[in-house]
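Trainee: All I have is the shape, not the residue letters:
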């Protein structure tokens, strides 16, 4: 059973900026990207979930930063190829709209959430977790599963598109499961970890 993994655009930006600046790649973002490119992680096979809209946003963000257009295009091509040769070989999706957008005030966040939901993701990883949890920026139905320094770092988003909900986590928390094989927070990744596994 493959882990259906959706990385927010901000995670990809962190990864590619580290490469462009010649910095070390020993970060949560680089480890998660590496799992995508390898097609496997400590939880098993990996299938990247991504949309053309997310790739377009990534290219626009990278071009505004100190990287060349060729580098931005290379990054998008690399991610697109990883999705197409993943465990289930699913190319980037075209998202025409969806009910998730109604729950988000920021349309870019809504587009990313739509992609994660439409792709039946098990895990959505974002550096901006506050943008997706229920509150002033989102009207999503969420259940906090874990806190770090009093702030949510893992929550489950309930939505009719995904029977057991979508697990949303920070890169650091997701890396602890995907790269180091630590047990997910109780209630996280329900398709891969049953309540009996958590006991």
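Mentor: Structure's in. What do you need? Given the structure is predicted, the values throughout are model-derived calculations rather than measurements.

Trainee: check contacts around residue 55.
Mentor: 76, 79-80, 92 (Cβ atoms under 8 Å, 6 or more residues apart in numbering). C-beta coordinates here come from the backbone N, C-alpha and C atoms, glycine included.

Trainee: Mind picking the lowest-pLDDT entry from the residues you listed?
Mentor: Least confident of the contacts of residue 55 in the model: residue 92, at 82.

Trainee: Contacts for stretch 39-53 next, please.
Mentor: Contacts for stretch 39-53 (Cβ under 8 Å, 6+ apart): 1-7, 35-36, 38, 79-80, 82-83, 85-88, 90, 92-95, 111-112, 114-116, 118-121, 177-181, 189, 192.

Trainee: Just the buried ones from those residues?
Mentor: Among these, those classed as buried by 16 or more other Cβ atoms under 10 Å are 2-7, 35-36, 79-80, 82-83, 86-87, 90, 92-93, 95, 111-112, 114-116, 118-119, 121, 177-179, 189, 192.

Trainee: now, which of those lie within helices?
Mentor: The members of the buried ones among the contacts of stretch 39-53 that map onto helices under DSSP state H are 35-36, 79-80, 82-83, 111-112, 114-116, 118, 177-178.

Trainee: Is it possible to get JSON lines of those residues that adds distance to residue 171?
Mentor: Formatted as JSON lines, these follow (distance: Cβ to Cβ, whole Å):
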{"residue": "35", "distance to residue 171": "12"}
{"residue": "36", "distance to residue 171": "13"}
{"residue": "79", "distance to residue 171": "16"}
{"residue": "80", "distance to residue 171": "21"}
{"residue": "82", "distance to residue 171": "17"}
{"residue": "83", "distance to residue 171": "19"}
{"residue": "111", "distance to residue 171": "20"}
{"residue": "112", "distance to residue 171": "14"}
{"residue": "114", "distance to residue 171": "21"}
{"residue": "115", "distance to residue 171": "18"}
{"residue": "116", "distance to residue 171": "15"}
{"residue": "118", "distance to residue 171": "22"}
{"residue": "177", "distance to residue 171": "11"}
{"residue": "178", "distance to residue 171": "10"}
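
Trainee: so is residue 73 in a helix, a strand, or just coil?
Mentor: The three-state assignment at residue 73 reads helix, by DSSP: H, G, I helix; E, B strand; the rest coil.

Trainee: Touching, it and residue 59? I think so.
Mentor: Yes: using Cβ atoms under 8 Å, residue 73 is in contact with residue 59, at 6.8 Å.

Trainee: Just want to know which of these two has more residues nearby.
Mentor: Taking other Cβ atoms under 10 Å, residue 73 and residue 59 do not tie; residue 59 has more neighbours (18 against 13).

Trainee: hang on, that one in a helix?
Mentor: Yes: Residue 59 sits within a helix when classified using three-state DSSP.

Trainee: C-terminal to the helix or strand hosting residue 145, what's the next element?
Mentor: Here residue 145, judged by DSSP states H and E, is contained in strand 141-148. Moving toward the C-terminus from strand 141-148, the next helix or strand (DSSP H and E) is strand 151-159.

Trainee: Each with direction, which strands does that next one pair with?
Mentor: Here strand 151-159 has these sheet partners by DSSP bridges: strand 141-148 (antiparallel), strand 162-169 (antiparallel).
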